[in-house]
Every structure is written in C-alpha cells, then in structure tokens.
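Colleague: sequence first, then the predicted structure, then my questions.
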Amino acid sequence: MPNPYTEEMKKERRKNQLPMSLIVPMSPHNLHKSGAIRKVVRSRLKEALKLVVVRGAHGSENSEANSVILSESNATPEKWVMKDWTYLFKPTLALYKSPMPTIIDEMRIGLQSVKSMAEKLEASWQRREPSPDRKVGTMRQFDHKPSKRPYRRVPTVQHDYTGKGEYKSYAGMDKVYMVGPEGTGKAIIVIYDIFGYFPQTLQGADLLAEAVGARVLMPDFLMGKPWPADKFPPQSKIEEARLQLYFGTTANPLLTMPYINGVAEELKKEGATKVGVLGFCWGGKLSIKCGSQSWVDGVAAIHPAMLTASDAENIQVPLALFPSVDEPVEEYEGMVKALSDKPWSSKNAYKVYPSVSHGFAAARANLTDPDGKAQFEDVYTRTAAFFKDVFES
C-alpha cells in the first residue's frame, strides 16, 4: 500500500510537532471528574504550547478582538524551551474556560520565566563542576573584622529540637513563626530554604532572637507547600523538571518579594526601627535582593542559591555572606570586591565554610556530626554579631 504522505506533508507535520519532552498529569482527583473535560484541557494546553513554541503566537493587543496573531520572527523553539529538559504541567480548569488568546499570553510568560530560571541554574551547575586540580583548601576566606566587643557564642545546639516560638497569622499571611522579645524596635525576617519549617531552622531562629535581643519572624512564604526533602537532589530528568517548575511557581522569587515587603511594612507600623533579613539557599537569594529595599538595615545570606557577583550592584546596606564549599567561590569573591568600597563596608561580614556542604545551617544541617555542629554554631554566632553591630549603629 503506498504511503499517503508526501515528503512535503511529512516536513509540514514535523514542523508542527512540539520539540520538547512534556508531562501533563491529570486525574479526576486533581482536575475534574469528567473525562471529556480533561481531554479538552489537555488538547487546549498542547495547542497553546504548539502555537507559542512553533508558530510564535501571541494574543491580540485589542482585548475585544479575541484573536491569535502568529509571528514568524518568534517561531523559534530555542527561544521558548530548554533543550533536553522535561516540562511538567499541572493544568487547572482555567484552561477549559479561558479564551485561547489569554491562554497563549499566559503560556508565553510562563515559558519565558521557566527558561530564564533554567538557564541560570544550568550556568550555576556548570560553575560548580569541580576541576581536576581544585582543592577545598585553596578557597579564600574573608573574615569579618573583629568588632569592638568579642563574639558571644550562641548556646550549644541540639539535634532533637522543638521551637521556643509560636505560629501566628501576620501581615496577611496565615502562618508565621515568631520568637524573641517584643517592643525592642529590632526585628529580623528569616527566609527559610525550600524545605520550609525544619527543627534545625527553627533552632537557628531561636538562637538569633536570644543573641541579638530581637523579634524574629519566619513567615511561611511557600504557603504550606515546601519541597519534599527526600526529593532533593533530583534523581531523574522528571524530578529535575518538577523542581524547575516549583522554582517558577510556588518558589518564584518575583512572587515572594511582595510578601516580604508586606511583613516589613507591618513591622514598621508596629514600631520597628531596625529591620534585618536572613535567608538560606533559595531564601539567601531573596535576602540579598532585599538589600535594595528602603526599609532594611542589613541583610545576611547563608549558603545562598544562584549566587552571582552582579547581585552586589543593588545592595544599599551592610551584608553578611557565609557560603559553603558548594557555592561558586569566584562569584562570592566578586561580591566581596564590589562591596569593598561602600561607606558601610566595615560592617560587612564574610566567611567561607569549606568543610560543610550547602544547607549546613538550615534544614539539611547535620547536628549529630561534630564538625557540622561546630560550623552551625559558628555561623549563627557570626550572624548574630553582624546584626547586633548593624542595629546598634
């Protein structure tokens, strides 16, 4: 039997195929009990993807026109999707109800956001590839200049710990861990890592509140949806795709910053005259971003994720930066150099922790290991000293 498809038809068919690996999990439980509706949702999702990635489509600028415009100049898959990545979509009923131009415009925004974040992650992974001659001992350490009074070491840490604070609603957020004295005029916002509330992270907040004499708040910025600790690091392409989607949605820094600003504004209304921010991993990246805000007096980042020297450009307040062996030392040194001539540079605090891995001061802290425990104590002692110095100026 002759092949009904001509070569031209085959080329056209290949041209319209999605050049990406795609997973779209749907079930009666997480979407809709109607199989017909789920089928329409899946079809509309793939159609919108195809129109954007293969045809460069976008919605009409005239909201009343309700039409789709194709753009040959944007019809390049490399502009929209990452090569060798698997994309995981979790569709909602909005795909069933919304007009196609709206879906397409939202798809463009989502794809660009995920691609931008994925490119930064790939670049950071490449920087973290150890060279054959790299030795931990060759990493430079920049220590904070001794303050006029010696460090007061934090109390001995425990591997089995229950937080001393309490959970309350605050600044429009349903859950915020709060600890430390009220009415001191000093407050520290703590941004946990993607694993959310963990005993080690809560213990760090408690230690900081006691050592600084400040009110410490750790809001649930992930809204009850932390990343499962047993799913990190990803063990497959599918798990990697799910993690990238998580960073583009639940843990999207652009979506989190308004909540941080809201908490800070509420603290100011209640009389806080000094406000600092401390973050770990993903939260460390956010705390550095907070360094450009007018309400903040000092920021600290412990083993921050996606660290780049360019982060220093917008920082307007003293910075404490404490990376582990896993963070890119060249980016760290670039930040140190960029901030060295600032008028407040004498208050900056720096130290690399070459014997411990990323996560050593938060959810992944190993406090049963003698060195892990010692480095945990050391970094919180330095962080407390940093905030005390900043708040008393």
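Modeller: Cool, got the structure.
Colleague: all helices of the stretch 201-350 of the chain, in order?
Modeller: Per DSSP state H, counting those that start in this stretch, the stretch 201-350 of the chain carries helices over the ranges 237-248, 253-269, 282-289, 329-339.
Colleague: the residue nearest to V81 when sequence neighbours are not counted: neighbour count?
Modeller: With Cβ to Cβ, 6 or more residues apart in numbering as the criterion, V81 has its nearest non-adjacent residue at 4.6 Å, and that residue is M20. Where C-beta positions appear, they are placed from N, C-alpha and C, glycine not excepted. Neighbour count of M20, defined by other Cβ atoms under 10 Å: 17.
Colleague: likewise L254?
Modeller: Every residue meeting other Cβ under 10 Å relative to L254 is counted, giving 10.
Colleague: distance of it from I103?
Modeller: 21 Å (Cβ to Cβ, to the nearest Å).
Colleague: residues making contact with stretch 314-321?
Modeller: 144, 288-289, 291-292, 296-301, 304, 312, 332, 335-336, 339, 342, 344-345, 347-350, 382-383, 386-387, 389-390 (Cβ atoms under 8 Å, 6 or more residues apart in numbering).
Colleague: and that stretch, how far out from the chain middle?
Modeller: 18 Å (Cα atoms, centre = their mean, to the nearest Å).
Colleague: repeat for stretch 361-376
Modeller: 22 Å.
Colleague: can you list contacts of it?
Modeller: Against stretch 361-376 from outside (Cβ under 8 Å, 6+ apart): 157-159, 192-193, 195-196, 198, 200-201, 204, 229, 280-281, 302-303, 322, 353, 355-360, 379-380.
Colleague: the closest residue to T273 other than its chain neighbours: neighbour count?
Modeller: With Cβ to Cβ, 6+ apart as the criterion, T273 has its nearest non-adjacent residue at 4.3 Å, and that residue is G185. G185 has 15 neighbours, counted by other Cβ under 10 Å.
Colleague: and G185, what's its pLDDT?
Modeller: Looking at G185, its pLDDT stands at 97.
Colleague: could I get the phi/psi values of E166?
Modeller: phi -140, psi 160 (degrees, to the nearest 10).
Colleague: with F387 instead?
Modeller: phi -70, psi -40.
Colleague: and the angle from the longest helix seen in the chain to helix 237-248?
Modeller: Identified as the longest helix of the chain according to DSSP state H is helix 100-127. Per axes from the mean of the first three to the mean of the last three Cα atoms, to 10 degrees, the angle that helix 100-127 makes with helix 237-248 is 110 degrees.
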